[in-house]
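Visitor: prediction below, plus the sequence it came from.
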Amino acid sequence: MSKYSRVLFVSEADTGKGPMAAAAFSQYMATEDVEVDSRGMVVLFPEPINEKAEAVMVSNGLSQKDHRAKAITEDDFQEGTAVIALERDQYEALLDKFSDSGRVFLLEELIGEPVDYGVLNGKELSDYGRCFERIRDHMRKLAEYIRTIDKVEG
């Protein structure tokens, strides 16, 4: 991933979808020299990952057990960082809040299909599982897209 050495996935609270995306994307990009993490738009304190999200990841051979929610800040917009909003609401909020919009991308535009993971809070473990499956599929497509771009630019 020549242009970006760091990828941040942005979700609402950084306790479920964002960390799941970061873990899945890291798995697909394991052979690349890229740092992957997640951030939230609304984070009041460094909350641990949602237990159901972690359980689903563990059952799929991944983990974010040490993850603590972190709000996205201006400092996250460093050279070489791509900020990828998982859903349109976060994308629009990022564009409104931060001046460095050249580093902000919407996942559905990168993978070429609509993305709506819905609200997970209060949902069953099986709902988290279905969401993770969609996220993992989207992260596979994103990794393929990035490799294609790197071949063209390289």
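Guide: Perfect, I can see it now. Numbering: from 1, shown residues only.
Visitor: can you list the weak-confidence ranges in the chain?
Guide: 1-2, 100-101, 150-154 (pLDDT under 70).
Visitor: what residues of the longest helix along the chain count as buried?
Guide: Determined from DSSP state H, the single longest helix within the chain is helix 125-153. Across helix 125-153, burial judged by 16 or more other CB atoms under 10 Å covers 128, 130-132, 135-136, 138-139, 141-143, 146. For the C-beta atoms, the positions are set from N, CA and C on the backbone; glycine is no exception.
Visitor: packing partners of that helix?
Guide: Contacts defined by 3 or more CB pairs under 8 Å, 6 or more residues apart in numbering; DSSP states H and E place helix 125-153 against helix 17-28, helix 51-59, helix 107-111.
Visitor: give me the angle between that helix and helix 51-59.
Guide: 60 degrees (axes from the mean of the first three to the mean of the last three CA atoms, to 10 degrees).
Visitor: ok, back up a step: a markdown table for the helices and strands packed on helix 125-153, including distance to residue 75 and mean neighbour count?
Guide: Formatted as a markdown table, those follow (distance: least, CB to CB, whole Å; neighbours: other CB atoms under 10 Å):
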| stretch | distance to residue 75 | mean neighbour count |
| --- | --- | --- |
| helix 17-28 | 17 | 25 |
| helix 51-59 | 25 | 18 |
| helix 107-111 | 22 | 18 |
